[in-house]
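# Structure of the sequence below:
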Amino acid sequence: MKELFFILGFILIFFKGFLLAFGGLPAFFMSGCLSQSASSFYCAFLDEESFFLKTIEDIKEDLAKEGKSFIEVDLSAMEARIYQEGDLFKKFPILAKGDVSSWGGSAFGLYQVLGGNKFGYSGISEVYMPYALHYYGKYYIHGEPYYPNGDELISSVSGGCIRLSTKDAEEVYQLAEIGMPVLVLAAEKEGAAFIRENDFEIEGITAESYLAVDIDSGFVFAKKEPEKQLPCSSLTKLMAAVVVAENVDLEESITVDPEMLEAFGSTKGLKTGESFRPVELFYPLLMESSNDAAQALSGFLGKTRTVELMNEKAGSILMEDSRFVDSHGFSLENVSTAQDLFQLARYIFFARPPLLEITKGNEVRSFGGVSFDIEEMANENIFFKDPDFIGGKASYSSLSKNSGVFIFNILIGGEARNMAVVLLGSEDLKTDVQNIYRQVAENYLPVF
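Numbers count the residues shown, from 1 in each chain. Sure thing, here's the model as predicted:
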């Protein structure tokens, strides 16, 4: 039987190459396997229920079809592109982007030009940014930065902004308009697919909704009502961490006041009058699921603004059915779907990997040390000791049952893949995840 699948795989590789060569391999969409009828041959090798989740990389095709003028920033190709009324107008090489391994990763997603300044200035880096276009948070498209004395800033990476030559930045600046879409892509979406080696159905899962997806391609291994909107409880804290990391100077500190400690629960070491930097607070937030830490973190931007940014961010990364009302997730009005939480997991995986390291209790760059005793913290993320666990968060609630967002490195047919498992409303979170993991590993083969 395996020999048959490998033969089919070679045929599929040939056909897929043909489609790519002639521009006929379409984007993958939620509603089906592939979006063009010419690809029905490709789909024939997959079972009828196989499909791919739409990811941010697919938005480019949507914008072009709608005849939009927009800026595309392709971080994998290191190229910025201007589209006018849906057609490619001009390309510009990117000189530098952010370093994802050290909090500086460039934010990807769908944003818009918020404003521009020919002589922009970064208070964090203390440099001028010529022809700066602001599109989100701390992030700009700009020319070659220089210090107030005129000396050029020399570096191979940026702090997260998109650096062009000053000449190119001026041209992009002139072509841009307020409100113009800015589509930032972190990685080229893989065209990988998988076939079932055995005829099987995922069994024994207690969760109301779940999803198991290949991170790089969006291929769905297993699902149950992935679009069902349910309370996401403490998984809300993942979005809160993303928003703070992307809108606050991580070297800044905040002093804890009594109001910040009024949330449900308490956190050892978090005391009134003491000061903490954001990364320090991420540890109790994401390991112990501290509500106090969430309250303190929202103090950097203000509670109302933090929640506003959380909802804005959700809209930028295809979390269309999510709504947040606080930063800690205690309210049942914080809702999401397994499908949306996959988008959040994928975003963190590519843009904010230090957050995943924190969920495992690992030390990351903290801009001055961590006041909390990490080794003494009770990590609620049940798989943090598993060598295949890349990162993620568990949530436990007596009102909405248990939920989780977990990313694993999994062997499928001998091939290492990155798989996200998202569950909402589970009665037995650990067993559910283990069952999904095992059944996917045992029953799928990769087709490239």
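# When you work out contacts or count neighbours from here on, use the C-alpha atoms and nothing else.
Noted.
# which residues sit in contact with residue 229?
For residue 229, the contact set (C-alpha atoms under 8 Å, 6 or more residues apart in numbering) comprises 321-322, 335-337.
# go with 6 Å
Residue 229 makes contacts with 336-337, as judged by C-alpha atoms under 6 Å, 6 or more residues apart in numbering.
# Which element, helix or strand, includes the spatially most central residue of the chain?
Computing the C-alpha centroid of the chain and ranking residues by C-alpha atoms, centre = their mean puts residue 347 first, at 0.8 Å. Using DSSP states H and E, residue 347 sits within helix 338-351.
# roughly how far is that helix from the heart of the chain?
4 Å (C-alpha atoms, centre = their mean, to the nearest Å).
# go on, stretch 86-93?
Distance of stretch 86-93 from its chain centroid, counting by C-alpha atoms, centre = their mean, is 26 Å.
# Quick check: buried residues in it?
Residues 86, 91-93 are the ones in stretch 86-93 that count as buried (16 or more other C-alpha atoms under 10 Å).
# Return the member of these nearest to residue 169.
Of all the buried residues of stretch 86-93, residue 169 sits closest to residue 92, with 8.7 Å by C-alpha to C-alpha.
# quick one on the thing from earlier: tell me the one among the buried residues of stretch 86-93 nearest to residue 117.
Closest approach between the buried residues of stretch 86-93 and residue 117, by C-alpha to C-alpha: residue 92, at 19.4 Å.
# Assign that closest one to helix, strand or coil.
strand (DSSP: H, G, I helix; E, B strand; the rest coil).
# circling back: which residues touch the helix holding residue 347?
The contact list for helix 338-351 (C-alpha under 6 Å, 6+ apart) reads 100, 105, 210, 226-227, 319, 422.
# Name the helix or strand for residue 246, please.
Assessed by DSSP H and E, residue 246 sits inside helix 236-247.
# Mind giving me the packing neighbours of the next helix or strand after that helix?
Sequence-wise, the next helix or strand downstream of helix 236-247 (DSSP H and E) is strand 254-255. Where contact means 3 or more C-alpha pairs under 6 Å, 6 or more residues apart in numbering; DSSP states H and E, strand 254-255 is packed against strand 275-276.
# tell me which residues in whichever helix or strand comes after the strand it packs on are buried?
Next along the chain after strand 275-276, taking DSSP H and E as the criterion, comes helix 278-283. Of all the residues in helix 278-283, those buried under the rule 16+ other C-alpha under 10 Å are 278-283.
# quick one on the thing from earlier: show me the contacts of helix 338-351 that map onto strands.
Using DSSP state E, 210, 422 are the members of these that sit in strands.
# okay if I get the contacts of helix 338-351 as JSON lines plus distance to residue 397 and pLDDT?
Below are the contacts of helix 338-351 laid out as JSON lines (distance: C-alpha to C-alpha, whole Å; pLDDT from 0 to 100):
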{"residue": "100", "distance to residue 397": "32", "pLDDT": "92"}
{"residue": "105", "distance to residue 397": "33", "pLDDT": "94"}
{"residue": "210", "distance to residue 397": "17", "pLDDT": "97"}
{"residue": "226", "distance to residue 397": "20", "pLDDT": "96"}
{"residue": "227", "distance to residue 397": "21", "pLDDT": "97"}
{"residue": "319", "distance to residue 397": "22", "pLDDT": "98"}
{"residue": "422", "distance to residue 397": "16", "pLDDT": "98"}
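# Out of the contacts of helix 338-351, which is nearest to residue 308?
For those, the nearest to residue 308 is residue 319 (14.2 Å; C-alpha to C-alpha).
# for the contacts of helix 338-351, which one is nearest residue 406?
Closest to residue 406 out of those is residue 422 (6.4 Å), distances taken as C-alpha to C-alpha.
# Could you point out the bridge partners of the closest one in the sheet?
residue 211, residue 405 (DSSP bridges).
# Confirm for me that it is in contact with residue 209.
No. At 8.2 Å, residue 422 and residue 209 do not qualify as touching, with contact defined as C-alpha atoms under 6 Å.
# So these two - more neighbours on which side?
For residue 422 versus residue 209, the count of surrounding residues by other C-alpha atoms under 10 Å is larger for residue 422: 29 against 23.
# and the gap between the more buried one and residue 212?
Per C-alpha to C-alpha, to the nearest Å, residue 422 is found 6 Å from residue 212.
# Ok, residue 91 next?
Distance, residue 91 to residue 212, using C-alpha to C-alpha: 37 Å.
# ok, which stretches of the stretch 301-448 of the chain are helices?
Using DSSP state H, counting those that start in this stretch, the helices of the stretch 301-448 of the chain run over residues 303-316, 338-351, 353-359, 429-443.
# pLDDT (mean, whole number) over the first one?
In this model, helix 303-316 has an average pLDDT of 98.
# tell me how far stretch 249-268 is from the chain's mean position?
Computed by C-alpha atoms, centre = their mean, the chain-centroid distance of stretch 249-268 equals 25 Å.
# What of stretch 117-127?
Offset of stretch 117-127 from its chain centre (C-alpha atoms, centre = their mean): 27 Å.
# again with stretch 271-289
The chain centre lies 22 Å from the centre of stretch 271-289; the measure is C-alpha atoms, centre = their mean.
# quick one, which residue of the protein lies the farthest from its center?
By C-alpha atoms, centre = their mean, the chain has its most distant residue from the centre at residue 149, 37.9 Å.
# What about that one? Give its phi and psi, please.
Residue 149 adopts backbone torsions of phi -80, psi 0, taken as degrees, to the nearest 10.
# what pLDDT does it get?
94.
# Distance-wise, check it relative to residue 128.
From residue 149 across to residue 128, the span is 10 Å (C-alpha to C-alpha).
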